[in-house]
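J.: Take a look and give me a structure for this.
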Amino acid sequence: MLNYLTYIVAAWIFLWGLYGIVTSKNLVHQVVCAAVLQTSTYVLLLGIGFKVGGTAPIFADIPVGTSVVDPLVQALMLTDIVVEATVMALLLSMVVKSNEVAGTVDPEELRVLTG
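T.: Residues are numbered from 1 along each chain as shown. Predicted coordinates for the structure are as follows:
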């Protein structure tokens with residue numbers, strides 16, 4: 001049951017982030033909602049990598065046959081965090097540049113921008 005609950009929470013966070021992106025009238029708010037949407041992948045990866053009674057995947061001092069969590073999921077989580085930070089920094093810099101050029105962060109007013 002716990003495994004299904006994490007998938008439901010991940011889907012709920014994803015849908016709220018997507019709803020915020022679709023309904024927002026501010027580019028900064030859209031970037032924040034994209035960060036929330038990306039957070040759903042953390043919850044999804046936690047749900048995938050969770051194992052009841054699992055220990056850390058350090059095999060130096062544990063007996064053979066001990067249940068451990070998947071280290072690949074942990075590596076994917078760290079990679080996901082780095083990618084999210086990079087994408088959010090890039091998106092926020094694009095918002096700042098569009099505000100400098102057009103004087104607004106409203107997506108409706110940014111329809112006509114020239115080079």
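J.: Which of the helices or strands spans the residue nearest in space to the middle of the chain?
T.: By Cα atoms, centre = their mean, the mean C-alpha position of the chain lies nearest to residue 38, the distance being 1.8 Å. Element membership for residue 38, per DSSP states H and E: helix 27-49.
J.: which of the residues in that helix are buried?
T.: 27, 30-45, 47-49 (16 or more other Cβ atoms under 10 Å). Any C-beta I mention is one placed from the backbone N, CA and C, and that applies to glycine too.
J.: how far away is the residue nearest to the centre of the chain from residue 99?
T.: Remark: distance between residue 38 and residue 99 (Cβ to Cβ, to the nearest Å) = 23 Å.
J.: just residue 75 next, same as before
T.: Applying Cβ to Cβ to residue 75 and residue 99 gives a distance of 37 Å.
J.: between those two, which one's more packed in?
T.: More neighbours sit around residue 99 than around the other of residue 75 and residue 99, counting by other Cβ atoms under 10 Å; the figures are 15 against 10.
J.: close enough to count as contact, the more buried one and residue 105?
T.: Yes - using Cβ atoms under 8 Å, residue 99 is in contact with residue 105, at 5.3 Å.
J.: can you list residues touching both of those two?
T.: Among the neighbours of residue 99, those also in contact with residue 105 (Cβ atoms under 8 Å, 6 or more residues apart in numbering) are residue 27.
J.: Strands of this structure, residue ranges please.
T.: Assigned strands in the chain: none (criterion: DSSP state E).
J.: Would you map the helices across it?
T.: Chain-ordered helices for the chain, with DSSP state H as the definition, fall at 2-23, 27-49, 71-102.
J.: For this protein, which residues score under the pLDDT cut-off?
T.: Along the chain, the parts satisfying pLDDT under 70 run over 1-2, 112-115.
J.: Apply 80 and report the result again.
T.: Counting by pLDDT under 80, the chain contains low-confidence residues at 1-3, 50-63, 65-68, 70, 110-115.
J.: nearest residue to residue 92 other than its sequence neighbours?
T.: The spatially closest residue to residue 92, leaving aside those adjacent along the chain, is residue 31, at 5.7 Å (Cβ to Cβ, 6 or more residues apart in numbering).
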